[in-house]
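A.B. asks: Coordinates only, no sequence provided:
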Ligand code: G3I
């Protein structure tokens, strides 16, 4: 358990450097094994090997489930609300708010010396009826927009380690920025600079992120994302962090993650691998044996960790996986044959967990 006050990523408790190396060597000696054979004893704790905050997304109900909560307290030092800190949960059709579940997450994070990452303020996929009804009245829309951001960011000021202010601004093919209710009402770039500025006014300290996906698989999207970041910084947006969601498919070519994370690191800002999972059913190579797709998955997790470790320490904001157990993954809700995460439905560590631990341990050993 990372004790309060430990700098993120420092091994806490009794885990010594010798323990790290021993753990990694033990793992290496395991050799290839079925993807989730029960290892003897609890899986090696991810946050103890990480040189940075290691996170996972959560739902409020997970915190009441001892199996999931136990995995969280053992393995992660940061949590992200999977959906309950978005408009779809917090903003009522009446214009009122409900904060019960986000408050529970904030309390859980505080009780377990974890960071809470705020996700996400403005997203094209969230179209609350109250804003739709105001779309024709720009002044009212703008006032409600500012009021929402101010209320939410203000409430969690001092209790979050950062916010995804703008989520998924770039079209899937990278041809343009998305056109949606927010951009139509307040301007393609202006709605973004406005959101960053209002969030900064509500919280003078929290790093403010932009966040997007498929940056590793659609070069045009990565290019436009980088140009958007440049435009926002030039326009004076207090953008102070870059999110790379990293929802991958197992057939992603080796090197893509390395190039992407390195490209985003060139801004010199904190980088958040913010939502990593690796689908083994969405990949086009569906016909390859499952074991091969699982091995590819493990390699991709290791590559992402290595690329993230290659960033300067000051830029390693956090490495977040989009869930702890396969059974809670949004991808498994889409296809029950998928298995995108580090633990199976029974909470047993998979080969992807082993790959992450080995990559982290190797970096920690190299760092001395
Ligand atoms: O838990 C309630 C359930 O009680 C209710 O009966 C049901 C029907 O209303 O809704 C359930 O909540 C759903 C929740 O997922 C939990 O399953 C919400 O409706 C649904 O909107 C929510 O979807 C989330 C989605 O974002 C939209 O917020 C997914 O869990 C979440 O994984 C997904 O995460 C996104 C990131 O925010 C952005 N990047 C892509 C990523 C995957 O799409």
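C.D. replies: Structure's in. What do you need? Just so it is clear, the structure is predicted and the values come from calculations on it, not from any experiment. Residues are numbered from 1 along each chain as shown.
A.B. asks: secondary structure class for the nearest residue to residue 119 once chain neighbours are set aside?
C.D. replies: Taking Cβ to Cβ, 6 or more residues apart in numbering, and ignoring the residues beside it in sequence, residue 119 has residue 164 as its nearest neighbour in space, at 4.5 Å. Backbone N, C-alpha and C define where each C-beta goes, glycine included. For residue 164, the secondary-structure state derived from DSSP: H, G, I helix; E, B strand; the rest coil is strand.
A.B. asks: Pull the residues that contact whichever helix in the chain runs longest.
C.D. replies: As assigned by DSSP state H, the longest helix anywhere in the chain is helix 290-309. Under the contact criterion Cβ atoms under 8 Å, 6 or more residues apart in numbering, helix 290-309 has outside partners 35, 51-52, 246, 248, 250-252, 254-255, 257-258, 260-262, 271, 273, 276, 278, 280, 283, 285, 316, 319, 339-340, 342, 350-352, 354-356, 358-360, 363.
A.B. asks: ok, 7 Å please
C.D. replies: The list of residues contacting helix 290-309 from outside it, by Cβ atoms under 7 Å, 6 or more residues apart in numbering, reads 35, 51, 246, 248, 250-252, 254, 257-258, 261-262, 273, 276, 278, 280, 283, 285, 316, 319, 351-352, 355-356, 358-360, 363.
A.B. asks: Tell me the buried residues within the residues you listed.
C.D. replies: In these, burial by neighbour count holds for 35, 51, 246, 248, 250-252, 257-258, 261, 273, 276, 278, 280, 283, 316, 319, 351-352, 355-356, 358-360, 363, counting by 16 or more other Cβ atoms under 10 Å.
A.B. asks: gap between the spatially closest residue to residue 176 that is not a sequence neighbour and residue 178?
C.D. replies: Nearest residue to residue 176 in three dimensions, chain neighbours excluded: residue 224, at 7.5 Å (Cβ to Cβ, 6+ apart). Taking Cβ to Cβ, to the nearest Å as the measure, residue 224 falls 11 Å from residue 178.
A.B. asks: before we move on, what about residue 109?
C.D. replies: Residue 109 is 31 Å from residue 178, where distance means Cβ to Cβ.
A.B. asks: Which one's more surrounded, those two?
C.D. replies: When residue 109 and residue 178 are compared for neighbours, residue 109 comes out ahead with 23 against 15, by other Cβ atoms under 10 Å.
A.B. asks: I figured that one hits residue 80, correct?
C.D. replies: No: applying Cβ atoms under 7 Å, one finds residue 109 not in contact with residue 80, separated by 10.2 Å.
A.B. asks: quick one: buried residues of the host helix or strand of residue 182?
C.D. replies: Per DSSP states H and E, residue 182 falls inside helix 181-186. Of the residues in helix 181-186, 181, 182, 183, 185, 186 count as buried by neighbour count, 16+ other Cβ under 10 Å.
A.B. asks: Need the residues that contact stretch 101-121.
C.D. replies: With Cβ under 7 Å, 6+ apart, stretch 101-121 has contacts from 2-4, 53, 55, 58, 60, 63, 73, 76-81, 84-86, 89-90, 149, 152, 156, 159-165, 167, 195, 199, 211, 318.
A.B. asks: Can you tell me which of those end up in helices?
C.D. replies: Reading helices off the contacts of stretch 101-121 with DSSP H, I get 60, 63, 73, 89, 90, 149, 152, 195, 199.
A.B. asks: Find the residue at the geometric middle of the protein.
C.D. replies: Using Cα atoms, centre = their mean, the residue of the chain that lies closest to the mean C-alpha position is residue 274, 2.0 Å off.
A.B. asks: Is it correct that that one falls within a strand?
C.D. replies: Yes: secondary structure assignment (three-state DSSP) places residue 274 inside a strand.
A.B. asks: residues touching it, list them.
C.D. replies: Here residue 274 is in contact with 211, 243, 244, 245, 320 (Cβ under 7 Å, 6+ apart).
A.B. asks: Need the three-state assignment for residue 253.
C.D. replies: coil.
A.B. asks: Good, wrapping up.
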